[in-house]
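>>> Show me how the following folds:
(chains A and B)
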There are 2 protein chains.
Amino acid sequence: MEFSLTTLGVASALPTPTRFPSAHVLNIHGRLFLIDCGEGTQIELRRYGFSFMKFDSIFISHLHGDHIFGLFGLLSTMSLLGRTAPLFIYAPSGFRQILDFMLKEFGKEFHYPVTHVVLRCERPTTIFETKTVTVSAFPLNHSVETYGFIFEENRPALNVFKDKIAEYGLTLEEIGTLKRGEDVRRADGNTLKCEDFTYRPFRPRKYAHCCDTAPFPLESEWIRGADLLYHEATFTSSHVKNNHEAFHSYASEAASVAKEAGVKKLVIGHYSSRYKDGQLREFEDEARRIFPETYLSKEGAKFDIPFEKYSEDE
Amino acid sequence: MEFSLTTLGVASALPTPTRFPSAHVLNIHGRLFLIDCGEGTQIELRRYGFSFMKFDSIFISHLHGDHIFGLFGLLSTMSLLGRTAPLFIYAPSGFRQILDFMLKEFGKEFHYPVTHVVLRCERPTTIFETKTVTVSAFPLNHSVETYGFIFEENRPALNVFKDKIAEYGLTLEEIGTLKRGEDVRRADGNTLKCEDFTYRPFRPRKYAHCCDTAPFPLESEWIRGADLLYHEATFTSSHVKNNHEAFHSYASEAASVAKEAGVKKLVIGHYSSRYKDGQLREFEDEARRIFPETYLSKEGAKFDIPFEKYSEDE
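Residues are numbered from 1 along each chain as shown, chains lettered A, B, ... in the order given. All right, here's what the predicted structure looks like:
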C-alpha cells in the first residue's frame, strides 16, 4: 500500500549539470502518476527504474517549457515501446495546440490515443477519481495559468469489529447495514449504533503539490491537513525578487504555508540555478526555522507517506 | 588552433540511463558548432562546460525526435540567459513548421532572431563558409530526408620562406606576388617560381559526420580523406535488421566506410538501447577487425584532430 513521492527534476527554469527541470512521480498503491514533465524526464524515469507503461495520467501544472519539454520525448518513447493503452494529460487549455502539434509532427505512428483533459477551476475541484484515489486541482498564484494538485486516498469502507460479531451474534444482513454506515434496529427494540461496531481499516493519506507559485491567502486552507506537501522554493529570502520572480516563493514562504496548513511534512524544490548544490542547505535551514519537518528534494529522492493501519483495538 | 569533436549524446531513438539522444559539439578554433540536439542537450552542454553563447550555428541532420527534441529547451535557455545574437539552424525543409510552432508557443520573449537555413541537396554542397571553415552537407541513406556534414578548415594563405627573402633580396612587391601564388618575373630575365619560394603554414583538417544512415555507394567518395569520421553504428552485425532498422549501420559497415574513404580515425555511436554499456566493446571489436583506428563515442568524450604545422624546413 505504497504512497510515495519521488522527486526527479528539482531545477527551476534553467537546469544545471546536476538538476533537471521539474518532474515528480507519485506512487499510489503501485499506480504511477507523473506531475510535470521537464526536459530529460524520460531519462530520469529510466535512471530510477520507473516503468513507462505504469503511467496513464500525466498532470501538467502550467505551460512553461521547464514543465513540459520532456513530453515530446516521453510520448515518442512510449510509442516506440509499443504502447497501446490510452494516455491522459491533465493540463491548462493552452495545451491543446501543443498536443495537436506534437501528434501531427511526431505522432503519426503512435498506436495509442492521447487525451487532453482541460484544467480550469477557481477552487479545489475533482479532476480524476478511481476506487483508490481522488485527484483535485486548484489555481496557484503564478505569472500564467497554473494549477496545484491534491492526491487523496479515498476513505476505506467500514469494517465491523470481529469480537462484536460474536458477542452480539450479528447476522450477515446486520453486518451489511453497519458497513453501509447505518445503525441496526433490532426486533427487541435495541439499537446497535454504527459508530460502536465499526472502524476504518486505515487512515487515508493526502499529498499536496504546489509548483510554481507565490504564496496566496487561500493556499494553506486548500491544502489543509496534507501528510506531505511539495512546495516550490525558488529562492532564499536573502534574494530580492524582481517583477517576474515575484510569482515564486522563498524557502521561508513555503515553510509558512506548510505551518499554516498544518501539514505533517514539507518537501521543497524548484531551486534557482543561481544556487550551487552546496548552497541548498541554506534553503533547508531557512525553512526549518519556521517548519522543522522540511526536507530538500533532490534527483531520485523518495519521500514515503507511511501507511497507518487502524487496528480493531483503537 | 583546436579542432575537436565532443560526443554528448550517443544513444539512438531510445535513450538509456547513461546514454542521451544525439548531440555532438565541434570546436573549430574556439568557435562551437552543434550537430543535432536531442533531448537533454542543454544539460549535457552545461555538464561539459560549453558556453551556450559560443554557438551560433546548429546543424540538424534530420527531423526525428531524438535529433531535435532538445532544441525547445536549448533555445528557451539561450533566451533566459539574455541572448541577442542571431542563431542559425541548418535543417531539412520540414523544420520550418517546427520552428514556427516553437517560436509562436515559447518564443514570445526571445530577443534574438532564429533563422532556418534549408538543407536541400543531392551531392556535397557548401552550406556555410567563414574565413576559417567551410561546411558542406550531403544526403544520407535514411528512412527520411537526412544529411551528413563535412567541416573543413580552409587552406591557409601561402607564406614565403624567410631565408629566401634574404638570399634573393625579395622586395615587398615580389613577396606579395608570391603570396598570391604567382611567379615573379625579374628585370634580369630570371623567374622566381612560386612553388620554390612558398609553403602553407599548416595542413587544413577535415571532419565528416554521418548519422543516421545505412552505407551507400557514394558515401566513402564524398567523405574521402577526412581526418576524423563520426559514423553511426546502431547495431553489431549479429543483429538482423528489420525493415526500419535497415536504414542504420552495423559497426562493421561503419568501419568499411572509414576504410574505403581512407579516413584517419573513426568514432562510432548512436548505439541501440538493446545493448548495455558493458556490451559496447563488441562494437569496437567488430569495427577494429576492419578499421583498427576505431573509437567508441561516449558521453563527454573528446576527440582531437591534431594541428600539423608545416615548418619552413619541409
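>>> Residue numbers of the stretch 1-150 of chain A in contact with chain B?
A:13-17, A:20-21, A:39-40, A:42-43, A:46-47, A:63, A:65-66, A:69-70, A:72-73, A:76-77, A:80-81, A:97-98, A:101, A:105-106 (C-beta under 8 Å from any C-beta of the partner chain). In short, each C-beta sits where N, CA and C put it, glycine included.
>>> Please tell me I have it right and A:Val118 contacts A:Gly94.
No. Assessed by C-beta atoms under 8 Å, A:Val118 is found out of contact with A:Gly94, at 9.5 Å.
>>> so where's the stretch 201-314 of chain A shaky on pLDDT?
Within the stretch 201-314 of chain A, the segments meeting pLDDT under 70 span A:311-314.
>>> Going along the chain, name the strands of it.
A:206-210, A:228-232, A:265-269, A:294-296, A:301-304 (DSSP state E, counting those that start in this stretch).
>>> is it possible to export these to CSV including mean neighbour count?
Formatted as CSV, these follow (neighbours: other C-beta atoms under 10 Å in any protein chain shown):
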stretch, mean neighbour count
strand A:206-210, 27
strand A:228-232, 28
strand A:265-269, 25
strand A:294-296, 20
strand A:301-304, 15
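>>> Can you lay out those strands as CSV showing distance to B:Pro215?
What follows is these, written out as CSV (distance: least, C-beta to C-beta, whole Å):
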stretch, distance to B:Pro215
strand A:206-210, 50
strand A:228-232, 51
strand A:265-269, 47
strand A:294-296, 51
strand A:301-304, 46
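>>> now those in a markdown table, with distance to chain B?
Below are the strands of the stretch 201-314 of chain A laid out as a markdown table (distance: least, C-beta to the nearest C-beta, whole Å):
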| stretch | distance to chain B |
| --- | --- |
| strand A:206-210 | 22 |
| strand A:228-232 | 17 |
| strand A:265-269 | 17 |
| strand A:294-296 | 20 |
| strand A:301-304 | 17 |
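>>> quick one: which of those is nearest A:Val160?
Proximity to A:Val160 (C-beta to C-beta) singles out strand A:206-210 among the strands of the stretch 201-314 of chain A, at 25.8 Å.
>>> between that closest one and strand A:265-269, how many degrees?
On the basis of axes from the mean of the first three to the mean of the last three C-alpha atoms, to 10 degrees, strand A:206-210 is oriented at 30 degrees to strand A:265-269.
>>> What is strand A:206-210 packed up against?
Secondary-structure packing of strand A:206-210 (3 or more C-beta pairs under 8 Å, 6 or more residues apart in numbering or on different chains; DSSP states H and E): strand A:147-153, strand A:228-232.
>>> what inclination does that strand have with respect to strand A:228-232?
Using the same axes, to 10 degrees, strand A:206-210 lies at 0 degrees relative to strand A:228-232.
>>> Contacts for strand A:206-210, please.
Outside strand A:206-210, the residues that touch it by C-beta atoms under 8 Å, 6 or more residues apart in numbering or on different chains are A:3, A:5, A:24, A:26, A:35, A:61, A:140, A:148-153, A:219, A:223, A:225-232, A:257, A:261, A:263, A:305.
>>> Tell me the spatial nearest neighbour of whatever residue of the stretch 201-314 of chain A ends up closest to chain B, not counting adjacent residues.
Proximity of the stretch 201-314 of chain A to chain B (C-beta to the nearest C-beta) peaks at A:Ser273, 9.2 Å away. Spatial nearest neighbour of A:Ser273, excluding adjacent residues (C-beta to C-beta, 6 or more residues apart in numbering or on different chains): A:Leu14 at 3.9 Å.
>>> Can you check the pLDDT for the one you found?
Per-residue confidence (pLDDT) for A:Leu14: 95.
>>> which residues touch it?
Counting by C-beta under 8 Å, 6+ apart, A:Leu14 makes contact with A:272-273, B:77, B:80-81.
>>> Report how many residues lie close to A:Pro306.
Using other C-beta atoms under 10 Å in any protein chain shown, A:Pro306 is surrounded by 11 other residues.
>>> and it, how far is that from B:Glu182?
Using C-beta to C-beta, to the nearest Å, A:Pro306 is found at 87 Å from B:Glu182.
>>> what does A:Asp196 give?
According to C-beta to C-beta, A:Asp196 and B:Glu182 sit 112 Å apart.
>>> and A:Pro201, how many neighbours?
The local packing of A:Pro201 (other C-beta under 10 Å) involves 12 other residues.
>>> from the middle of its chain, how far away would stretch A:124-139 be?
10 Å (C-alpha atoms, centre = their mean, to the nearest Å).
>>> List the buried residues for it?
Using 16 or more other C-beta atoms under 10 Å in any protein chain shown as the test for burial, stretch A:124-139 gives A:124, A:127-128, A:133-139.
>>> And stretch A:77-90, by the same measure?
Across stretch A:77-90, burial judged by 16+ other C-beta under 10 Å covers A:77-80, A:83, A:87-90.
>>> Output the residues you listed as CSV; include the columns pLDDT and secondary structure.
Shown next, in CSV, are the buried residues of stretch A:77-90 (pLDDT from 0 to 100; DSSP: H, G, I helix; E, B strand; the rest coil):
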residue, pLDDT, secondary structure
A:Thr77, 97, helix
A:Met78, 97, helix
A:Ser79, 97, helix
A:Leu80, 95, helix
A:Arg83, 97, coil
A:Leu87, 98, strand
A:Phe88, 98, strand
A:Ile89, 98, strand
A:Tyr90, 98, strand
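>>> Please identify which pair of those lies farthest apart.
A:Leu80 and A:Tyr90 (23.8 Å).
>>> how about A:Ser220, what does it touch?
Per C-beta under 8 Å, 6+ apart, neighbours of A:Ser220: A:257, A:260-261.
>>> now that we have those residues, which one has the most neighbours?
Neighbour counts for those (other C-beta under 10 Å) peak at A:Val257, which has 24 neighbours.
>>> ok, now which residue in chain A is the farthest from the centroid?
A:Asp188 (49.9 Å; C-alpha atoms, centre = their mean).
>>> That one - that's part of a strand, no?
No. Under DSSP: H, G, I helix; E, B strand; the rest coil, A:Asp188 falls outside any strand and is assigned coil.
>>> Look at the residue in the stretch 101-250 of chain A positioned nearest to chain B and say how many residues are nearby.
Closest residue of the stretch 101-250 of chain A to chain B, C-beta to the nearest C-beta: A:Phe101 (5.0 Å). Neighbour count of A:Phe101, defined by other C-beta under 10 Å: 19.
>>> State the helix or strand in which A:Phe101 lies.
Secondary structure assignment for A:Phe101, by DSSP states H and E: helix A:95-106.
>>> Return the set of buried residues in whatever helix or strand comes next after that helix.
Downstream of helix A:95-106, the first helix or strand assigned by DSSP H and E is strand A:114-119. Across strand A:114-119, burial judged by 16+ other C-beta under 10 Å covers A:114, A:116, A:119.
>>> just those now: which is nearest B:Ala214?
Proximity of those to B:Ala214 (C-beta to C-beta) peaks at A:Val114, which lies at 31.6 Å.
>>> so the closest one makes contact with A:Leu103?
Yes. The pair A:Val114 / A:Leu103 is scored as a contact, 6.6 Å apart, by C-beta under 8 Å.
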